[in-house]
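Quick one, fold the following:
(3 chains)
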Amino acid sequence: MTAPNWLKIERRPVASGRTVFIVSVSAILAALLVAAIFFAAYGVSPIYAYYLILRGALGSSHGFSETIRRMIPLLLCGVGLTVAFRALFWNIGAEGQILMGAIAASGVALFAGLPGPLLLIAMFIAGFLAGASWGLIPAALKAKLGLNDVITTLMLNYVAMYLVLWLVHGPWKGASMRGYAYTDMFPNAAQLPTIGSTSIHWPTLMLGFIAAVVMYILVNRTRSGFEIRVVGENPEASRFAGISQFKTTMLVMFISGGLAGFAGVGEVAGIYHRLLDPSQISMGYGFTAIIVAWLARKNPLAVIVTSFFFGILMAGGDVIKIQLRLPFQLINVFNGLIMFFLIGSELLMRYKISIRRR
Amino acid sequence: MRILYGLYQPDEGEILLNGKRVHISSPRAALTYHIGMVHQHFRLVPTLSVAENMVLGLDEGTGPFLNYRQTYKKISQIAERYGLVVDPQAKVWQLTVGQQQRVEILKALYRQADILIMDEPTSVLTPQEVDQLFSTLRTLVDDGLTIIFITHKLDEVMEISDRVTVLRKGKAIATVNTADTNKAELAKLMVGREVVFRLEKSPVKRGEKILAVDDLQALNDRGLPALRGVSFKVYEGEILGVAGVSGNGQRELAEVLTGLRHATGGHVTLEGKDVTNRSAREITDAGVAHVPTERKTMGTVPSMTIRENLILKSYRQPPFSRGMFLDNQAAEENARAAMKEYDILAPNIDTAVKVLSGGNIQRVVLARELSGDPRLIIAAHPTYGLDVGATEQVRQILLAQRDRGAGILLISEDLEEIMTMSDRILVLFQGQVMGIIDADGAQIGKIGLMMAGTKEEEK
Amino acid sequence: MGWETWIIATLSRTLAYGTPLLIATLGEIFAERAGVLNLGVEGMMIMGAYSGFVIAYTTGHPWLGLLVAGVVGAVFSIIHAFVSVTLKANQVVSGLALTMLGLGLAGVLGRGWEGLPLFTPIRKITVPVLSNIPVLGPILFKGQNLVVYLTMLLVPVLWYVLFRTRVGISIRAVGESPATADSLGINVTRVRYLCVIFGGFLAGAAGGYLSVAYRPSWTQGMTGGMGWIVIALTIFAFWNPIYGLLGSYLFAALYHLSFRLQAWVSPELLKAMPYLFAILVLIFVAQGTLKKKMGAPAALSVPYTRGEE
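Numbers count the residues shown, from 1 in each chain, chains lettered A, B, ... in the order given. This is a model prediction of the structure:
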């Protein structure tokens, strides 16, 4: 691209934290602006709409709990994705890993017959391992055979989805749920405690916060984290430094898949108390988490903020649907717009554009 | 040559073709002037067939449809005329390197080239294939084509060329008729006769043998032999300079010795222990330092900070790691000390390496590699791309290491650097050792001859 | 239902359902052959479905709807091309963003159009003499529509273009080795743009076919993840239009069989097959020489910058 004479475009070697922040925020604002056009087109004042979203998501205890409820899986998956993205492993398969976690948890809940707290612990462990294994498959395929990570993780999403559907319509079909595609309700011991009457299953939320902190420490303060970062930033140099790309790839997907598995456990054990239709379990969390991680610039701690933000958006979507009679899909539009403006803004971060003063 | 083919633009000067001034702005333009080029790295798409590669990007005026039969015929005609046997329907990835080169030549001929530029064509060929190539070239010349043959191998120059132009440091030094000259004269022209300024260097104090390389063999990235039985020794306290034109096995040698490339034969012994084909990590731990050519892609992680780059190899050991955690404090102290000792100019230790100048990046690499008091240092083109000051400093650092008792293998294309720094000089040509001589009193003409393919007795 | 009738009915429906799969796959094959991964197919398809329906409904011209559907898909893909080729940004994220955008937009705009019957869909045809051929007749020539036949014709045409014309050679070169193509004077950017837009047009048209011919109506999410199957199909077809045809009908057959064979085989298992097959194919071509012969275009999803050699 040749620039006009009055525009100076130079490569910016390193983007300062401030630049990154400003650009990210601008991307969101730009998306908000474009979305506002849609509101206007439906005859609704955009400002009123945004106000409603914020009030709905944060203004009432019900709204706030809905926000936090959405935040939980986004937080867990988002943290996992930042770790994967750091090693340049494009994990698009979080949806599937959530579902595998849900399956494992449901299996343990319905059939393991363990007492009280042991049951929940077993469910979480099983969920982590199931999600992790699901993530290790594409990791191994990439590390050993060089298979494209995007496609393998993507395909496995749908395999997992059909696995859930099969279980729910077939072998695990609930005896007590006539005709509906659910499993039986989990026993009480397998149901996660919630805060008051909200649907916030706080153990999973705690897990999310812990994961964010632990992963932050892992990536920035440990040897493994150092290796992950070198592999992600410069694979050539990682060979030079004697780092095993194979082990690093497997490690990041073990973590990423496992954390998504936790999210799946949380959804079935904390909210639905049974295994049901996959679209209700994962609800696009796996894909949304990609934006969450991206916006957090691959920083696990920042995911706390970005997952909260998207929690607001998703809860807000409900508000729009009910109060403004606007379709829920507007949120998808918004998500898409944000993603676009984000990757467009990457360009702004790579290059410094200024007016050439003569 | 790239200018002639339109890949680069000249800053000054002019090109006259058949007496007329021309401006070649792109490869397409070069083709209109009937200039064709056979590159060192072939411009072929492996999954397409020979015929398809032939017509790629060519506007033959016959519209979008490709008459395969006609194309095959045309290719066969040209091929037969010049004795370039190749199957037009074969997919390029199925062909041998020699056959692929023939396709490249055919491509130029298909586009009616009058002038053919060949860039180091024999570097990928077997001796038989070289003979075939030469007979092809003679046929082409008999047919009226002009061939510009770029090579550093004097044997070839003497065998195939009618006239020779010697280039050195971007200048055309001389043009002579081949019949009127010989290898020795050409070698002298290649390397120049300036008095080489010797650095202040203490006499060499050779100690024990550190590195012994015995009949080392290895393949390059294309699967062709890059090292064909290399043997030499390096002693404590000396610098063994490896001279040679780029592409004769230097890169592969450095990589094999540092564990980044698999050796297909031979042995590498470090202080008596066999380290052939050990991993990079083990070799580093055994006390070998590697200053690689590619500072930015291999030697450092540009987006990471100075502090982190300095522990790129040592992060696994205390004091930089305690258990599975990294000790940032230790890394910080290390970085501060290194910056002072090596004069690394940067705002602070947390500056990303990619904003540093070339000289400073190299200082970071040196600081890291030399920090463990290595026994053996393998330095590949250490002053490449550095300014005068940085170059001086790097050389001083290496000399200091030599005086400390380390053994240094210095690989460089800069003959001046080799001659000033080395205690002994080894010349590498086509993956073989042409000779190892003392640097003291070494005649530059002799080295030039070796670099261009003449073997010398070992000293 | 007698066996023969059963087979005929299944195969007949396979043809119908396989057609949109095939259309979109053909488009994606071209995009990927040029080296650009387009994960936005699902979004383009549903936008095509929506816009096709709206046009057909309001103007009464289903073919116009089909055309507009294609154009809408093409417009979407221009965005993807711009972000992926010119801005050289991450193709994965761009494609996913487009899908979300497309799904969202279609959901938003499509409200209120649901359930409306299309009185002027693309008509089913019964070819007079040919439909009486035993077995093949009722499958191929009864109750299909013109689009099905056009698509089948499109396959050899596109195969020819890709493998027997200069254009196709250029496309394949750009996808395998853009540096080489560039050095031979081929405009890599232009080739990639054109292929991506072509792919988008077909993706949109495939969606339009769904709402204008296959199931003449508009429902939320009526593409039902077909776009993702297309991604899998492109791989399964080894990036070759002919295998794309076979693969599309195979996957469509699996889809239909999953309903009909419910009593014997779990439908979910059959529906998951396409995705598993795609992975298996990838593993299969990962081995050495096979990769060269039948594998993915080497430069797939890698942005190209001149001078980076």
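
Flag the shaky bits of chain C, pLDDT-wise.
For chain C, applying pLDDT under 70 flags the ranges C:1, C:131, C:135, C:288-293, C:306-309.

How about the residues of it by chain B?
C:164-167, C:169-170, C:172-173, C:176-177, C:180-181, C:183-186, C:289, C:292-293, C:298 (Cβ under 8 Å from any Cβ of the partner chain). In short, each C-beta sits where N, CA and C put it, glycine included.

average pLDDT across the helix or strand harbouring B:G435?
Using DSSP states H and E, the element containing B:G435 is strand B:432-438. Averaged across strand B:432-438, pLDDT comes to 89.

residue of the stretch 201-350 of chain B with the smallest distance to chain A?
Distances between the stretch 201-350 of chain B and chain A by Cβ to the nearest Cβ are smallest at B:R281, namely 3.3 Å.

Identify the residues contacting that residue.
Contacts here follow Cβ atoms under 8 Å, 6 or more residues apart in numbering or on different chains; on that basis B:R281 touches A:G242, B:G259.

How about C:L109?
By Cβ under 8 Å, 6+ apart, C:L109 lies in contact with C:Y50.

wait, is it part of a helix?
Yes. Counting by DSSP: H, G, I helix; E, B strand; the rest coil, C:L109 is part of a helix.

Show me what counts as buried in the longest helix along chain A.
Ranked by number of residues, the top helix in chain A under DSSP state H is helix A:116-145. If you call a residue buried by 16 or more other Cβ atoms under 10 Å in any protein chain shown, then helix A:116-145 has these buried ones: A:119-120, A:122-143.

distance between stretch C:224-239 and the chain's centre?
The chain centre lies 7 Å from the centre of stretch C:224-239; the measure is Cα atoms, centre = their mean, to the nearest Å.

could you dump it to CSV, C-alpha only?
The C-alpha coordinates for stretch C:224-239 follow below in CSV (Å, rounded to 0.1, in the frame of the first residue of the first chain):
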residue,chain,number,x,y,z
GLY,C,224,-28.3,-25.0,11.0
GLY,C,225,-24.5,-25.2,10.9
MET,C,226,-24.3,-26.1,7.3
GLY,C,227,-21.5,-23.6,6.9
TRP,C,228,-19.3,-25.6,9.2
ILE,C,229,-19.9,-28.8,7.3
VAL,C,230,-18.8,-26.9,4.2
ILE,C,231,-15.5,-26.2,5.8
ALA,C,232,-15.1,-29.9,6.6
LEU,C,233,-16.3,-30.8,3.1
THR,C,234,-13.6,-28.6,1.5
ILE,C,235,-11.0,-30.7,3.2
PHE,C,236,-12.8,-34.0,2.5
ALA,C,237,-12.9,-33.0,-1.1
PHE,C,238,-9.1,-32.6,-1.2
TRP,C,239,-9.8,-29.2,-2.6
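
That one near chain A anywhere?
Yes. Legend: contact between stretch C:224-239 and chain A by Cβ under 8 Å from any Cβ is shown at C:G225, C:W228, C:I231, C:A232, C:I235.

Report the separation between B:L345 and B:E333.
Distance of B:L345 to B:E333, given as Cβ to Cβ, to the nearest Å: 19 Å.
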